[in-house]
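Chemist: after the sequence you'll find the predicted model.
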Amino acid sequence: MAGKAAGKPPEEILLDWKREQASLKARVVDLDTEAWQRDPAFSGLQRVGGVDVSFVKDDSGSACASLVVLSYPELEVLYEDCRMVTLTAPYVSGFLAFRELPFLVDAVQQLRQREPCLMPQVLFVDGNGVLHHRGFGVACHLGVLTDLPCIGVAKKLLQVDGLENNALHKEKIQLLKAGGDSFPLMGGSGTVLGRALRSHDHSTKPLYVSVGHKISLEAAVRLTHSCCKFRIPEPVRQADIRSRDYIRRTQEVQGVPAPQSGRSKEAQRPKACPQGVSEEPAENQNSEEQRPEPRMLQPEGSSRRKETDPTSACPGSALGRCGAVQTNQVWLALLRGYGCNETGSQGELIYMGWGIKNE
């Protein structure tokens, strides 16, 4: 979830972003807030969501933002929404949300408006939550802005607060013998920032799970393991697969040879993991046509499928029309440092430069 663009925002913008993170961090809840979270079998949990932003290879500004909702515990896709977005802000470590999150928040809000009965009860995010330089990663940011329970799931250890991927850390990984085994990630401050989880019996690489919002670390780790058919939680894996497939189909329509991938991730749709094989499926990359159609899908075996037509307005119902950003406090937290304008007949949302624009 981190396609990189050249350049770096001015120092005053980075300071502004830090202030926004500190302000929103005060709203993070790291405790269970729903009855299903406290149930050993997660009784009452019916829908889990996953989000992802994937990039076209060799084009760090073209990306596919995707949202999927799966049934639980079956883990069958009920809804998907992929869309092409253009990003001009650079990737800056620790500030991923300011580059990618507006598109994901918008996808959640459009689902809330169109199909509220399909709203996920929890979101999995390909990134960190409180396991972050300032304790407020992309999973926290998404949770606060959508008011949904969120879980951060990273594939690599973010080395903060004294955490290191050193020999001792690798020794602990070797002690994770079966899917569900985990150990705490305690920083130098004495705070447990997350857990390293062996998510699948046949995967030797751990995941790094941390609280995003409105869920405890214990429940987040249990649910992550419960949602893993392979190494990566199925909601995130499906968001990745479908967004990459959307990029491929978009490029075919445009007559552009589809590159293998983007974002250093495997490009092939994974097959079932054979017994004794320890690998997991691909992770992420994507891009999309300008205004894809969100789809409500019936689980396999059902002949009924409903498709909902998106509105022709700019993909930012919470933002209002592009070029007229509403100055509500939550969205300013994300849009600080960006302009927003409308381009093309499809009303594609593009973030330009680093100057705030409120018209």
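Modeler: Right, received. Where do you want to start?

Chemist: where along the stretch 101-250 of the chain do the strands fall?
Modeler: With DSSP state E, counting those that start in this stretch, the ranges of strands along the stretch 101-250 of the chain come out as 123-126, 150-154, 182-186, 192-197, 207-213.

Chemist: can you list the strands that the shortest one pairs with?
Modeler: For strand 123-126, sheet partners with direction are given as strand 47-56 (parallel), strand 150-154 (parallel), following DSSP bridges.

Chemist: got it, and the last one?
Modeler: In the sheet containing strand 207-213, the strands it pairs with under DSSP bridges are strand 150-154 (antiparallel), strand 192-197 (antiparallel).

Chemist: report the rounded mean pLDDT for that strand.
Modeler: The average pLDDT within strand 207-213 is 98.

Chemist: give me the angle between it and strand 182-186.
Modeler: 60 degrees (axes from the mean of the first three to the mean of the last three Cα atoms, to 10 degrees).

Chemist: picking up where we left off before, can you redo the strands paired with strand 207-213 as JSON lines with distance to Gly212 and mean pLDDT?
Modeler: Every residue, glycine included, has its C-beta placed from N, CA and C. What follows is the strands paired with strand 207-213, written out as JSON lines (distance: least, Cβ to Cβ, whole Å; pLDDT from 0 to 100):
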{"stretch": "strand 150-154", "distance to Gly212": "3", "mean pLDDT": "98"}
{"stretch": "strand 192-197", "distance to Gly212": "11", "mean pLDDT": "98"}
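
Chemist: need these in JSON lines with mean neighbour count and distance to Ser60, can you?
Modeler: Output for the strands paired with strand 207-213, formatted as JSON lines (neighbours: other Cβ atoms under 10 Å; distance: least, Cβ to Cβ, whole Å):
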{"stretch": "strand 150-154", "mean neighbour count": "29", "distance to Ser60": "20"}
{"stretch": "strand 192-197", "mean neighbour count": "23", "distance to Ser60": "28"}
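
Chemist: now those strands as JSON lines including distance to Ile215?
Modeler: Conversion of those to JSON lines gives the following (distance: least, Cβ to Cβ, whole Å):
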{"stretch": "strand 150-154", "distance to Ile215": "6"}
{"stretch": "strand 192-197", "distance to Ile215": "12"}
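
Chemist: quick one: which of the strands of the stretch 101-250 of the chain is nearest Pro102?
Modeler: Nearest to Pro102, of all the strands of the stretch 101-250 of the chain, is strand 123-126, at 14.4 Å by Cβ to Cβ.

Chemist: can I get that closest one as PDB, trimmed to CA atoms?
Modeler: Output of strand 123-126 as PDB, limited to C-alpha atoms (Å, rounded to 0.1, in the frame of the first residue of the first chain):
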ATOM      1  CA  LEU A 123     -12.200  -3.300   8.200                       C
ATOM      2  CA  PHE A 124      -8.800  -4.900   7.600                       C
ATOM      3  CA  VAL A 125      -6.100  -2.500   6.400                       C
ATOM      4  CA  ASP A 126      -2.900  -3.400   4.600                       C
END
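
Chemist: tell me the mean pLDDT over it?
Modeler: Mean predicted lDDT for strand 123-126 stands at 97.

Chemist: kindly report the same for stretch 134-149.
Modeler: Computed over stretch 134-149, the average pLDDT equals 98.

Chemist: start and end of that stretch, how far apart?
Modeler: Distance across stretch 134-149, first residue to last, is 20 Å (Cα to Cα, to the nearest Å).

Chemist: again with stretch 183-202
Modeler: The first and final residues of stretch 183-202 sit 18 Å from each other (Cα to Cα).

Chemist: and what of stretch 62-82?
Modeler: Distance across stretch 62-82, first residue to last, is 13 Å (Cα to Cα).

Chemist: quick check: buried residues in it?
Modeler: 62-70, 72, 75-82 (16 or more other Cβ atoms under 10 Å).

Chemist: and the helices in this protein?
Modeler: 11-25, 35-38, 96-114, 138-146, 167-174, 217-226, 234-254, 329-335 (DSSP state H).

Chemist: one step back: of the strands paired with strand 123-126, which is nearest Lys214?
Modeler: Among the strands paired with strand 123-126, strand 150-154 comes nearest to Lys214, with 7.2 Å by Cβ to Cβ.

Chemist: fine by me, thanks again.
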